[in-house]
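Asker: Return atomic coordinates for the entry below.
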Amino acid sequence: MNDANDYDYIIVGAGSAGCALAARLSARPATRVLLLEAGGKDSNPLFRLPMLMGKLFQSGIYNWHFHTEPEPNLNGRKLYWPRGKVLGGTSTINGMIYVRGGKQDYDGWAAMGNPGWSYKDVLPAFKRSEGHIQREGVFHNTQGELTVCRARGWNALLDVFCEAGRQAGYPLNDDFNGPTQLGFGRYDFTIKKGKRWSTSFAFLRPALKRSNLKVVTRALTHKVIVEKSKAVGVAYETNGLMHTVRARKEVILCAGVVGSPHLLMLSGIGPEAELAQHDIPVLKALPGVGGNLQDHVDCVMAYECKQPVTLYKDLRFDKIAFSVVQGMLFGEGITTTFPYEAGAFIKTSPELADPDVQLHFMPALEKTANLYFPNPFKKTSIEAKHGFTLRVGPVNPNSKGRIRLRSGRPTDAPLIQPNYLDTDFDRKTMVNAIRATRQVIEQPAFDAYRGKEIAPGPDKQSDEDLMAWLRATAMTTFHPVGTCKMGHDDMAVVDHRLKVHGIANLRVADASIMPVISSGNTNAPAIMIGEKCAEFILAGQ
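Answerer: Numbering: from 1, shown residues only. Just a heads-up that it's a prediction; the model follows:
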């Protein structure tokens, strides 16, 4: 059926970039905006408590629940790839760490032939969104919609970790979004009054008061409608019924690193052989669609703690139940903090110009990307589970993978092939990262707390042993990007104004446009990309 309403702009995907973009475009009263989201509303209150992220991240709620294909360099393992399927997208289920990336990232994008994307160009877009409650000055803004705050945790091991980094020769860093990333410190978070502050809460909910913005949830977009090499609308499904809706000006895909290339290919825009294999007529041959997939691979290093000072004592069922109520009612207590609050950006070689490894430190043990929650009714020693965890991985991996079609049906999840640890560079960096992290943990600051190394374990010392362990255990940091690469080479999908090559009135605006992955957590850059897209459109570019 046809939608009786036409819109100026149709945005597909109400995620990190899409919510920001919809808010900016609809701020002009005469501009009519339709925002389509495949997931539902973000109504579950438990998702707003930061400490529960680990438990809920594993569930199928608000989640596409993707898995990769068997990874050839990781012993054929299929890795879990959660992506947000809800208003706010992955910002509704992620770890809320606010890291913009390094100056060198964006200057590198500009040097690749993308004017308008240098650090001095993107910093205003970052600041436009930011409403930091504790920082201001050259690098920060206190007035934006996206509330950002300093880490809220009080566990003593967070300071022990930072002091160990200083003893190992690294600087302390009070602000990873300031002049430099290098050093040890605590992260900033998109948390407001103890609650997750997703892009849905920050941007979309206030904008919904506007009559010129319409949001449709549980709307699975099947394809972009293209006429004479121009995007004119989309076809989408809700409740088993098909709808078509037209855009007077533009269609903008904000469906994410998986969804945006998938939708382009379903629409006949992508690698010719791939489309032909699934009997999809080729409207525009773009070999780069789905390619250039990059992600931060990491490993989980773990140690026993000799003293019962970790988060484990606070996570017992009876205590956590009280803390949930405390967090929901008053925005206080352990559930309003995120466990990986401390971190670092380090160089594994002094010759490097910029950090090549990121650390996330948690004063608790992790089990399958989740926290141990003790059961008070079991007669096991609580102290037996005291320990601390570090997630360790390179910030600039150069292994590349691809998103491919599983079929020509929009309801079939695409094939996800990240190709982790495919290059010697990535393998060497991972091994060096483990060794550099061990040196930090061996510093005197940890002497009173450091117990046995649980993982990789003291028996893993040689390059060969460490690589065998990595192949068996390495995982994703959940930062995939790059599958609709920005640029002007043969593999580029969008230009420096995010316009799809060869198709008028069609843009992509999400983390899939990154030509090279940013250094660190990728949610803040995704929001910035939504801001930049709005900037281009509102300026008539």
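Asker: Which stretches in this protein count as helices?
Answerer: 16-26, 53-57, 103-111, 119-129, 156-167, 199, 205-207, 256-266, 272-277, 317-330, 424-441, 463-473, 523-538 (DSSP state H).
Asker: Give the buried residues for the fourth one.
Answerer: Put plainly, it is helix 119-129. Tyr119, Asp121, Val122, Leu123, Ala125, Phe126, Lys127, Arg128, Ser129 (16 or more other Cβ atoms under 10 Å). Where you see a C-beta, it was placed from the backbone N, CA and C, and this is true even at glycine.
Asker: if I look at the second one, how far off is Asp107?
Answerer: When you say that, I think you mean Asp121. 10 Å (Cβ to Cβ, to the nearest Å).
Asker: What is the least confident helix or strand in this structure?
Answerer: Among the helical and strand segments of the chain, the one scoring lowest on mean pLDDT, DSSP states H and E is helix 53-57, with a mean of 75.
Asker: Extract the residue ranges of the stretch 1-150 of the chain that are flagged as low pLDDT.
Answerer: Low-confidence segments of the stretch 1-150 of the chain (pLDDT under 70): 1-5.
Asker: Strands of that one, start to end?
Answerer: 7-12, 33-36, 66-67, 80-81, 97-98, 130-132, 146-150 (DSSP state E, counting those that start in this stretch).
Asker: These into TSV, with extra columns for distance to Lys499 and mean neighbour count?
Answerer: Supplementary listing: these in TSV, determined by distance: least, Cβ to Cβ, whole Å; neighbours: other Cβ atoms under 10 Å:
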stretch	distance to Lys499	mean neighbour count
strand 7-12	14	26
strand 33-36	18	27
strand 66-67	27	14
strand 80-81	28	18
strand 97-98	29	22
strand 130-132	27	23
strand 146-150	26	22
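Asker: I'd like these as a markdown table, with distance to Ala433 appended.
Answerer: Rendered in a markdown table, the data for the strands of the stretch 1-150 of the chain read as follows (distance: least, Cβ to Cβ, whole Å):
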| stretch | distance to Ala433 |
| --- | --- |
| strand 7-12 | 37 |
| strand 33-36 | 40 |
| strand 66-67 | 25 |
| strand 80-81 | 22 |
| strand 97-98 | 18 |
| strand 130-132 | 30 |
| strand 146-150 | 26 |
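Asker: In the stretch 201-350 of the chain, mark out all the strands, start to finish.
Answerer: Listed in chain order, the strands found in the stretch 201-350 of the chain under DSSP E, counting those that start in this stretch are 213-216, 220-227, 230-238, 241-253, 269-270, 284-285, 297-305, 342-346.
Asker: Counting by contacts, list what the longest one packs against.
Answerer: Just to be clear, that refers to strand 241-253. Secondary structure elements in contact with strand 241-253, counted by 3 or more Cβ pairs under 8 Å, 6 or more residues apart in numbering; DSSP states H and E, are strand 7-12, strand 220-227, strand 230-238, helix 256-266, strand 506-508.
Asker: distance between the ends of stretch 405-416?
Answerer: Criterion Cα to Cα, to the nearest Å; first-to-last residue distance in stretch 405-416 is 9 Å.
Asker: buried sites along that stretch?
Answerer: Along stretch 405-416, the positions that meet the burial threshold by neighbour count (16+ other Cβ under 10 Å) are Leu405, Pro410, Pro414, Ile416.
Asker: Repeat that for stretch 71-90.
Answerer: Neighbour counts using 16+ other Cβ under 10 Å place 71, 73-74, 77, 79-90 of stretch 71-90 among the buried residues.
Asker: if we can go back for a sec, can you tell me which of the helices of the chain is packed in deepest?
Answerer: Neighbour counts (mean count of other Cβ atoms under 10 Å) averaged over each of these peak at helix 199, with a mean of 33.
Asker: Centre of the chain to it, how far?
Answerer: What separates the centre of helix 199 from the centre of its chain is 13 Å, taken as Cα atoms, centre = their mean, to the nearest Å.
Asker: list the contacts for Arg404?
Answerer: Listed by Cβ atoms under 8 Å, 6 or more residues apart in numbering, the contact partners of Arg404 are Glu274, Gly290, Pro414, Leu415, Gln417.
Asker: Touching, Met53 and Ile97? I think so.
Answerer: No: applying Cβ atoms under 8 Å as the test, Met53 and Ile97 come out as separate, 10.5 Å apart.
Asker: Now the common contact residues for the two.
Answerer: Both Met53 and Ile97 are contacted by Phe338, under the criterion Cβ under 8 Å, 6+ apart.
Asker: Over to stretch 398-405 now: how far is its first residue from its last?
Answerer: In terms of Cα to Cα, the two terminal residues of stretch 398-405 are separated by 23 Å.
Asker: that older thread, most widely separated two among the buried residues of stretch 71-90?
Answerer: Put simply, by Cβ to Cβ the two of the buried residues of stretch 71-90 set farthest apart are Asn73 and Leu87, 35.8 Å from each other.
Asker: for the helices and strands packed on strand 241-253, which one sits closest to Phe388?
Answerer: Shortest distance between Phe388 and these, using Cβ to Cβ, is found for helix 256-266: 30.9 Å.
Asker: Against which helices or strands is the closest one packed?
Answerer: Judged by 3+ Cβ pairs under 8 Å, 6+ apart, helix 256-266 is in contact with strand 220-227, strand 241-253, strand 402-404.
Asker: Adding mean pLDDT and distance to Ala168, write these out as TSV.
Answerer: As requested, the helices and strands packed on helix 256-266 are arranged in TSV below (pLDDT from 0 to 100; distance: least, Cβ to Cβ, whole Å):
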stretch	mean pLDDT	distance to Ala168
strand 220-227	98	49
strand 241-253	97	44
strand 402-404	98	38
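Asker: Please convert the ones you listed to a markdown table, extending it with distance to Asn44.
Answerer: Shown next, in a markdown table, are the helices and strands packed on helix 256-266 (distance: least, Cβ to Cβ, whole Å):
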| stretch | distance to Asn44 |
| --- | --- |
| strand 220-227 | 21 |
| strand 241-253 | 26 |
| strand 402-404 | 28 |
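Asker: how about CSV for the helices and strands packed on strand 241-253, with distance to Thr522 added?
Answerer: Output for the helices and strands packed on strand 241-253, formatted as CSV (distance: least, Cβ to Cβ, whole Å):
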stretch, distance to Thr522
strand 7-12, 20
strand 220-227, 23
strand 230-238, 26
helix 256-266, 9
strand 506-508, 16
